[in-house]
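Novice: output the structure for:
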Amino acid sequence: QVQLVESGGGLVQAGGSLRLSCAASGRTFSRYAMGWFRQAPGKERDFVAAIKRSGGSTYYTDSVKGRFTISRDNANTVYLQMNSLKPEDTAVYYCAATQSLHGSRSRADYDYWGQGTQVTVSS
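Specialist: Alright, predicted model coming up:
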């Protein structure tokens, strides 16, 4: 079992930055690739970014490339640094864990989810 708790969301003006954190419980954090997803009101939960178990490989959805960075440390935390934020980035952001080596763009491949943190970008 892995429990995930996100933090760091909030209200920011367009062009600003936020860093989301996701703290994982348990001693098996290194066995999971991690992903970030987001869900805007009335829309499906979409893939944002993922990082391999070892942290050596990352990938992103096209709309955030060059603006967002996913990373992880050895203290059971995964981060999403979000720069140059746009109003269309407004959503609830979720972190998720998968036993897949490389992570996945598909929600169905993730085994554990956090409760989400709200990010609101004003224009």
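Novice: from Tyr59, how far off is the spatially closest residue to Ala24 that is not a sequence neighbour?
Specialist: Distances taken as C-beta to C-beta, 6 or more residues apart in numbering put Asn76 closest to Ala24, at 4.5 Å, once the chain neighbours are dropped. C-beta: built from backbone N, CA, C; applies to glycine. Plainly put, Asn76 is 22 Å away from Tyr59 if you go by C-beta to C-beta, to the nearest Å.
Novice: cool, Arg31 as well?
Specialist: From Arg31 to Tyr59 the distance is 19 Å (C-beta to C-beta).
Novice: show me which of those two is the more surrounded one.
Specialist: Neighbours were counted for Arg31 and for Tyr59 using other C-beta atoms under 10 Å; Tyr59 has more, 16 against 12.
Novice: center of this protein - which residue?
Specialist: Nearest to the mean C-alpha position of the chain, by C-alpha atoms, centre = their mean, lies Trp36 at 2.3 Å.
Novice: need phi/psi at that one.
Specialist: With angles defined as degrees, to the nearest 10, Trp36 sits at phi -120, psi 140.
Novice: thanks again, I'm all set now.
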